[in-house]
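# Got a sequence here, can you model it:
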Amino acid sequence: MSVELNHTIVHSRDNRESAEFLADILGLTVGTEWGPFIPVVLANGVTLDFATVPAGSITVQHYAFLISEAEFDTAFGRIQELSIPYWADPHRKHPGEINHNDGGRGVYFPDPSDHGMELITRPYGGWS
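Model prediction:
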């Protein structure tokens, strides 16, 4: 059997708000609540299970999503439409810019719990 990531839990201030935020940006569907989790399923079958946790217990994480050029146009348009701050880099030194690393496009932005979200159209190294 090959090893695949099946799901991960994303700690959130508000699981519904965070799940709906990401689903809205990426054009995905929010799944049915299951226990303390609100799932968002990605195209490769990996599920992000958003869970509300007590204030002060969220460790900020980084989540990168490989998307097509057309999906980038739509998602980036949504980021701009919602006036979400964005950067070309993870250290937030290039605000209001996107990057063109490896011949693609990339952008970083925060989710409602301040996790670092990244959209890229080419994997690091430029391979497809």
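# ok, residue 26 touching residue 65?
Yes: with contacts counted by Cβ atoms under 8 Å, residue 26 reaches residue 65, the gap being 6.6 Å. All C-beta spots, glycine's among them, are computed from the backbone N, C-alpha and C.
# Per-residue confidence, residue 56, what does it come out as?
Per-residue confidence (pLDDT) for residue 56: 87.
# In the protein, where is pLDDT below threshold?
Low-confidence segments of the chain, defined by pLDDT under 70: 126-128.
# Domain boundaries for it, per the record?
Taking automatic domain parsing as the criterion, the chain consists of the domains 1-52, 64-128.
# Could I get the full set of strands for this protein?
Secondary structure of the chain by DSSP state E: the strands cover 7-12, 37-41, 47-52, 62-66, 106-110, 116-120.
# contacts for the first one?
Surrounding strand 7-12, the residues in contact under the criterion Cβ atoms under 8 Å, 6 or more residues apart in numbering are 18-19, 37, 39, 46-53, 57-59, 61, 63, 112-113, 115.
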